[in-house]
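Trainee: based on what follows, work out the 3D shape:
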Amino acid sequence: MGKSKKQQKLSNLECASFCSQMTMVLHAGFPAVEGVSLLLEDAKDVQEKAILQVMYDEMINTGLLYPALEKTSVFPDYLLQMVKIGEETGTLDDVMNGLTHHYEREDEIEKSIKSALTYPLIMVAMMIAVIVILLTKVMPVFEQVFRQLGRQMTGFSGGMLALGKTISNYAIVFITIAAVIVGVFVYFVKSSRGRRAFAGFSRKMHLFHGLYDKIAACRFADSLYLTLKSGQNPQKGLEFADELIADKNFSKKIKKCSQKMEEGEDFAAAVGGAGIFEGLYERMLVISGKTGETDETLETIARQYEREIDQRMSSYIAILEPTLVIILSVIVGMILLSVILPLMGIMAGL
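Mentor: Coordinates of the predicted model:
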């Protein structure tokens, strides 16, 4: 649970780990302050100890977990609000258990997105490296062969040779450009603002449009499940979901759902009318509303969306891998053929 800077928010995995440990403590019948004390005794990391010490000192004074978590400034706002509700309603153990599953799901989604982005980027980097080596190291060798035969490389092969020489002569410029591109990529990956900007850009691409809708729907179902499980009404859950998802397009659906509920529609009908869930999940929610199992159904829907997200990510990788290999093969093949075919013609005429 340690962080290099106290002000940095904990990662999804760190939040899941903390909530899981607190769940075990609370289910065992220990008060929250005793749980924090146990975690403090077992902590090995210096930063983790510092965070837990701040929490423990605050809990000694207040007896509450929420102000202790808030004082550390490292826990996400959503976790803080849910813990506050759990303490107010006496369902802190259930809330912590629900938060454990929530942040585990968030971590899995984050890993799926990173793996779906990282693998193609590695492939693209390898493609660029192969092409650069071909242009800067291999093409000059063919140029020497042509010169020894009294010929010059022209046309497409000549253009590739000129490009290779340009890359060699201005290597520092190209390296600088590459470093800037890498820096921009790291910014998009590491900063929340960058991730939001990238998400907004990729949503406009047809390939990723459905994916982000599924991620938002998964988070919506998970958020509503937690809120209802803690004893709050669906309207409160919609507010939390809107803050958690932070997606402009999905936010419109949430506001539409809230408006329909204010007009008298029940929760399931409002969700369906707002277009938040797809047909099957909408019907599941309607039936659960009649049987009084809405919270359990929302958890089931969240798990199903998580599986669909994983499948969609896997399908993207399955499509991109052969596509990139084919593109690389075509480019390399064109460059080599542009040299080898004229060379074979020259050799045949000797």
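
Trainee: just the helices in the stretch 51-200 of the chain please.
Mentor: 65-72, 77-89, 92-133, 139-148, 155-169, 171-190, 192-203 (DSSP state H, counting those that start in this stretch).

Trainee: same check on the stretch 251-350 of the chain?
Mentor: For the stretch 251-350 of the chain, applying DSSP H, counting those that start in this stretch gives helices covering 267-274, 279-291, 294-349.

Trainee: make a markdown table from the helices of the stretch 51-200 of the chain and add mean neighbour count to it.
Mentor: Any C-beta I mention is one placed from the backbone N, CA and C, and that applies to glycine too. A markdown table is the format used below for these (neighbours: other CB atoms under 10 Å):
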| stretch | mean neighbour count |
| --- | --- |
| helix 65-72 | 20 |
| helix 77-89 | 19 |
| helix 92-133 | 18 |
| helix 139-148 | 15 |
| helix 155-169 | 16 |
| helix 171-190 | 12 |
| helix 192-203 | 14 |
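
Trainee: looking at those, which is closest to Leu226?
Mentor: With CB to CB, the closest approach to Leu226 among the helices of the stretch 51-200 of the chain belongs to helix 92-133: 4.4 Å.

Trainee: the inter-axis angle of the closest one versus helix 171-190?
Mentor: 160 degrees (axes from the mean of the first three to the mean of the last three CA atoms, to 10 degrees).

Trainee: any idea how far helix 92-133 is from the middle of the chain?
Mentor: Averaged C-alpha coordinates place helix 92-133 at 5 Å from its chain's average position (CA atoms, centre = their mean, to the nearest Å).

Trainee: I'd like to know which elements it is packed against.
Mentor: Judged by 3 or more CB pairs under 8 Å, 6 or more residues apart in numbering; DSSP states H and E, the packing partners of helix 92-133 are helix 12-27, helix 77-89, helix 171-190, helix 206-229, helix 294-349.

Trainee: can you list contacts of the second one?
Mentor: The list of residues contacting helix 77-89 from outside it, by CB atoms under 8 Å, 6 or more residues apart in numbering, reads 15, 19, 64-66, 69-70, 91-96, 98-99, 103, 223, 226-227, 230-232, 240, 243-244.
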